[in-house]
Structure formats: structure tokens, C-alpha cells
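Q: Sequence and computational prediction follow.
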Amino acid sequence: MKPVDKGTLKVGILGGGLSGVAYAFFSSRKGYDVTILEKERVLGGLMRSINENGFTFDIGGSHIIFSKDAEVLDLMLRLLGENKVRNKRNTAILYKGRLVKYPFENGLSDLPLTENLSCLIHFLLARIKRRRKHVNLKEFFYNTFGKAISEKYLIPYNEKIWKMKVEDISLDFIGRLPNPKTIDVVKASLGIGSEGYVHQLYFYYPRRGGIQYLIESLREKIAGNVLTNFEVKHVKNDSGKWIVSNGLMENVFDYVVSTIPLHDAVKIFNAPREIIESTRRLKYNSLITVAIGLNKLRFKNLSWLYIPDSDIHPHRVSFPSNFSPENAPKGKASILAEITVRQEDPFFSKNDEEIADIVVDELDRIKMFSKDDVVYTRVFKIKYAYPLLDSYYRENIDKIKTFFDNIGVKLVGRFAEFKYINMDDAIKNAASHLNISNLREYK
Ligand SMILES: Cc1cc2nc3c(=O)[nH]c(=O)nc-3n(C[C@H](O)[C@H](O)[C@H](O)COP(=O)(O)OP(=O)(O)OC[C@H]3O[C@@H](n4cnc5c(N)ncnc54)[C@H](O)[C@@H]3O)c2cc1C
């Protein structure tokens, strides 16, 4: 930021998801005069929740609170205050009609014996070969987990969620790549329990209000303005001031931070044609969530379930009423089914009722519940859900970021930076853009 007197520096934050709200929180604490401009009726973006008929659902997919970083986890827990539950993850993969403990390599003894042995032998062969050079996700899977685990679960599941061939997925995508301990996989095959991905073995969730509670709690701590129902349509710089318009009203700022998806931001900031072209080449997945309220649930304790089967639309279903009992009326239960889609996929354009019917039929068919027990359904469509980092991603993103750097606009957030970030990263990113390193000071 330019060295201007803090009290007079007016900062416009475009977009009021977690990144925008966290940026507003930290910068208002630093003394800037902040305004969030959000197009929806409520703040929250991917973290919006709804409460209807006594059911609470996270409309952008069920969210859990966890982090490897103790400082940011503490901050999130302080924001929840007393309104939290701590859960032990109990997650499985639905494989050929049976539940296999998650991660798959830790659940080998849940497979039929021949499949268990095949997974173990191929895993050990991969360990003996010790191939560490992989250029894409497919090679990484074969080299790390062996052929059987890759072909039975990792490849079908990943191709289903990402809607891409695993050989086209760059390793940038995955962040820190998993690497299970050999002894744990051998034990898992023998039926001796071990846990994988332990950083989210225990997770937190708001007791009431769904994940949006975290946003509301942050919002209460912001000394600044929030304009909802304000869809930013044009931004221009006039003699050093930023003029932000929704087509009807204009707001003037000294500085703007954009957390809105790049695909829209380049048009709003009137970027040159080649930058708009680079943005078009950045691929992403949209998300459909189907919220289902039930009289009863077959799975009493499951947190969520992965479904690699390509005949069923949802790749994951979660059980919000198992996250917090207050997510459903007493005696009832709930499921949130998640389906990734590309914008051009005709499934995305189907009407909500048709989508709900298809998903309820499919989940009834695989005996997740009986459709006679369904008491509530609602469908949500989220255009920007998962950024996809293919092999062309880096050259495109570099050009786009240079454009925004040159005009002096900071990009912060999942689709603004085009990074696969979780809530903890969104908070940390917002803080680090303001050179804040010690989160413990923020109450
Ligand atoms: C299915 C799914 C599950 C997830 N689960 C977890 C989890 O369990 N744990 C976890 O830590 N993280 C999870 N995440 C990640 C988490 O949701 C994100 O890290 C976080 O919500 C990103 O916030 P953001 O503000 O960067 O983006 P967004 O939430 O996308 O916010 C962007 C905001 O900009 C607004 N906007 C867009 N265009 C305009 C415009 N023209 N004018 C004004 N406003 C505009 C949008 O309405 C939105 O509010 C999950 C994400 C997904 C998709």
C-alpha cells in the first residue's frame, strides 16, 4: 500500500467471501477506512449456510474447520467462541457397495481378501522401485501407491471430481503430496488400525448456524462498511482514485483489493484482450450441492463418504446432522450431496427439481436412505468452486497477475489468486498481504 495517512486511506474490498471479510478485519484493525462490496444479499461466498425447516446446510459444500497452523486454527476457534463442536473424522469410501475406511490405503482390510492383497503387493512393488520422478498426477499415483490402489480408487475418484484425465493434472494442483508410511499400509492390510491425513482427524464445526457463523463472527469485529447486493460491474482509475460502480451507484477509494473471481475481474477492470484470453484458458469446476432432509439416516456416525463410482453423480456426500446435532430438527437427519460439473455440462443447466430427483433416486438405489424418508430437498449451483491447475495454468496466471500488479490492484482469495486454498489459507493470505505475521494478537 502507498504510504498515505492510515486514517484517510479508503480501501474498497471487492467481494465478501472469507478472503474479503478477513482482509477487512485485519485492515480495519490497522486503522484503514474499509468498505466491503458484495454482490449477494449476504456475506460468505463459498461459506454461506442456509437454515430452512430446521435444517442447516453449507451451500458451497460442507466445510470443516482444521489447520496444520496452530495460530490460524486458534483464531478460527476464538471466532467460534462457545459455539463449537469437536468431532473425530469418521470417513469412508463407498467401494462396490461396501464402506472402506478413508484414506483408502488405510482401509485395505475392508476390501475382499484378493483385492486387499493385490493392493498391498502393488503398493510394496512401487515402494521397492522407489520412482520419485513424476510429472503428473497419474505418475505420482502409480509411483506412490502402486497400480491397484490407483486403479481401484485414486484414478476414478480424482477423474470424477476434477473432470479431467489424471495425466493432464499438474502436481501444483495437489499442494503437499501425500506419502503414506509403508508400515501403516501393511498394518492396514492386516486389519491393524492406523490413521492417515491426521491433520484433519479431529475437526471443529459451529454448533449453530453452519459454517457461515465464522463469517458472521468476523464481520462483527470489523469497524467498517459493508455493502451487500452491490455487484461490482466497472472499476476505473481517475486521477489516482478508484471509482467502483454497480451501474447505478459509484464509490470512490484510494485503494482497491479484489477477491472476486479473475474471470469476472478482468472484464470489470477493462483488461486488454490478451489478458481476457489468458483468463479464459484458466479452467475451473462448478459445483452443484443437493441438500436433503431425512426422517432417518442409515449412517449414524459418518462424517462424509466418497463415491468414486461413475454411475452416480455425487462424488461426495456429507452428513451435516452428524457434524452438529443442531443442523437438523430433533429425530431427523441430513445429507449434502456434492457434484462437480463444467459450465458446459448440460447437467448444470437442468432445473433444480430434476437434479434433486436424479440425486435422490441414485442415493436411494445405493441404499444410502430410502426415498420415502426424504422430507426436504434444495439444490444450489456455485459457478466458481474449484480452480484447476493444468499444465498451462502457470503461464496464464503469470500474465494476469502482472496486469493487476501494473495497475496497482491487489488480488486476494481463492479465485482471485486462482489458488486451491482452504479457509485457514484464506485467512493467512489476507493477513500476509497486510504484512501481519502474528495472528495471536487478533481477538
Ligand atoms: C466444496 C468445497 C468444500 C470446501 N471445504 C472446505 C473445508 O472443509 N475446510 C476449509 O478450510 N476450506 C474448505 N473449502 C475452501 C473455502 O471455501 C475457501 O477457502 C474460502 O471460502 C475462500 O473464500 P474467498 O473469499 O477466497 O472466495 P469466495 O468465497 O468465492 O468469495 C468471493 C466473493 O466475491 C463475491 N463476488 C463475486 N463477484 C462479485 C462482484 N462482481 N461484485 C461483488 N462481489 C462479487 C462472491 O459473491 C463471493 O462472496 C471448500 C471449498 C469448496 C468449494
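A: Right, received. Where do you want to start?

Q: and the closest residue to G209 other than its chain neighbours, what does it touch?
A: Closest residue to G209 apart from its sequence neighbours, by CB to CB, 6 or more residues apart in numbering: S49 at 6.5 Å. Quick note: C-beta positions are derived from backbone N, CA and C, even for glycine. Listed by CB atoms under 8 Å, 6 or more residues apart in numbering, the contact set of S49 reads 56-59, 209-213.

Q: pLDDT on the longest helix anywhere in the chain, on average?
A: The residue-count maximum for a helix in the chain (DSSP state H) belongs to helix 113-129. Across helix 113-129, pLDDT averages out at 96.

Q: If you count contacts, what does the next helix or strand along the chain from that helix end up packed against?
A: Proceeding C-terminally, helix 113-129 gives way to helix 137-149 as the next helix or strand, assigned by DSSP states H and E. Counting contacts by 3 or more CB pairs under 8 Å, 6 or more residues apart in numbering; DSSP states H and E, helix 137-149 packs against helix 113-129, helix 155-162.

Q: go again using 10 Å as the cut-off
A: helix 113-129, helix 155-162, helix 182-190 (3 or more CB pairs under 10 Å, 6 or more residues apart in numbering; DSSP states H and E).

Q: Can you give me the buried ones in the last one?
A: Right, the one you point to is helix 182-190. 184-189 (16 or more other CB atoms under 10 Å).

Q: Quick check: which helices or strands does that helix pack against?
A: helix 113-129, helix 137-149.

Q: Kindly recompute the last result at 7 Å.
A: helix 113-129 (3 or more CB pairs under 7 Å, 6 or more residues apart in numbering; DSSP states H and E).

Q: For the ligand, see how far away the closest residue to D33 other than its chain neighbours is.
A: Among residues not flanking D33 along the chain, K10 sits closest, at 4.8 Å (CB to CB, 6+ apart). The gap separating K10 from the ligand is 17 Å, by CB to the nearest ligand atom, to the nearest Å.

Q: what's the answer for E159, then?
A: In terms of CB to the nearest ligand atom, E159 sits 17 Å off from the ligand.

Q: Around the closest residue to that residue other than its chain neighbours, how many other residues sit close by?
A: Nearest residue to E159, sequence neighbours excluded (CB to CB, 6+ apart): V166, at 6.0 Å. By the criterion of other CB atoms under 10 Å, V166 has 20 neighbours.

Q: gap between V166 and the ligand?
A: Distance from V166 to the ligand, counting by CB to the nearest ligand atom: 20 Å.

Q: any idea how far that residue is from F141?
A: 7 Å (CB to CB, to the nearest Å).

Q: residues shared between the contacts of the two?
A: I155 (CB atoms under 7 Å, 6 or more residues apart in numbering).

Q: Could you give me the buried positions within stretch 78-95?
A: Buried residues in stretch 78-95 (16+ other CB under 10 Å): 79-80, 83-85, 87, 89-95.

Q: ugh, wrong one, stretch 96-112
A: Neighbour-count burial for stretch 96-112 [16+ other CB under 10 Å]: 100-111.

Q: which element is the closest residue to F323 other than its chain neighbours on?
A: Of all residues not flanking F323 in the chain, Y205 sits nearest, at 4.4 Å (CB to CB, 6+ apart). Using DSSP H and E, Y205 sits within strand 202-206.

Q: Any idea what the residue nearest to F323 is bridged to?
A: V85 (DSSP bridges).

Q: Could you report the neighbour count for G193?
A: 11.

Q: Distance-wise, check it relative to L302.
A: As judged by CB to CB, G193 and L302 stand 17 Å apart.

Q: Also Y386?
A: Counting by CB to CB, the gap from Y386 to L302 is 23 Å.

Q: Same check on Y32?
A: Y32 is 45 Å from L302, by CB to CB.

Q: The two - which one has more neighbours?
A: Taking neighbours as other CB under 10 Å, Y32 and L302 compare with Y32 leading, 24 against 20.

Q: Hmm, G12 and that one touching each other?
A: No. Look at Y32 against G12 with CB atoms under 7 Å: they stay out of range, at 10.6 Å.

Q: coming back round to it: what's around the residue nearest to D33, how many residues?
A: K10 has 18 nearby residues by other CB under 10 Å.

Q: and what of the one 5 residues further on?
A: By other CB under 10 Å, the residues close to G15 number 28.

Q: which residue sits closest to it, ignoring its sequence neighbours?
A: If the residues on either side of it in the chain are set aside, G15 comes closest to T259, at 3.7 Å by CB to CB, 6+ apart.

Q: and the lengthiest strand in the chain, C-alpha only, in PDB?
A: The longest strand of the chain (DSSP state E) is strand 374-388. C-alpha atoms of strand 374-388 as PDB (Å, rounded to 0.1, in the frame of the first residue of the first chain):
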ATOM      1  CA  VAL A 374     -37.000 -37.600   2.300                       C
ATOM      2  CA  VAL A 375     -38.700 -34.600   3.800                       C
ATOM      3  CA  TYR A 376     -36.800 -31.700   2.300                       C
ATOM      4  CA  THR A 377     -34.600 -31.100  -0.800                       C
ATOM      5  CA  ARG A 378     -33.000 -28.000  -2.200                       C
ATOM      6  CA  VAL A 379     -30.400 -27.500  -4.900                       C
ATOM      7  CA  PHE A 380     -27.600 -24.900  -5.100                       C
ATOM      8  CA  LYS A 381     -25.400 -24.000  -8.000                       C
ATOM      9  CA  ILE A 382     -22.000 -22.500  -7.400                       C
ATOM     10  CA  LYS A 383     -20.200 -21.200 -10.600                       C
ATOM     11  CA  TYR A 384     -16.700 -20.900  -9.200                       C
ATOM     12  CA  ALA A 385     -15.800 -23.800  -6.900                       C
ATOM     13  CA  TYR A 386     -12.500 -25.500  -7.800                       C
ATOM     14  CA  PRO A 387      -9.700 -23.800  -9.700                       C
ATOM     15  CA  LEU A 388      -8.000 -26.400 -11.900                       C
END
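
Q: next helix or strand past that strand?
A: helix 393-407.

Q: For L177, give its distance to the ligand.
A: Taking CB to the nearest ligand atom, one finds L177 at 19 Å from the ligand.

Q: residues in contact with that residue?
A: 140, 171.

Q: Look at it and tell me its secondary structure.
A: Following DSSP: H, G, I helix; E, B strand; the rest coil, we place L177 in the coil state.

Q: do the one 3 residues further on as well
A: State at P180, reduced to three classes by three-state DSSP: coil.

Q: Just to check, it is in contact with L108?
A: No. Using CB under 7 Å, P180 is not in contact with L108, being 10.9 Å away.
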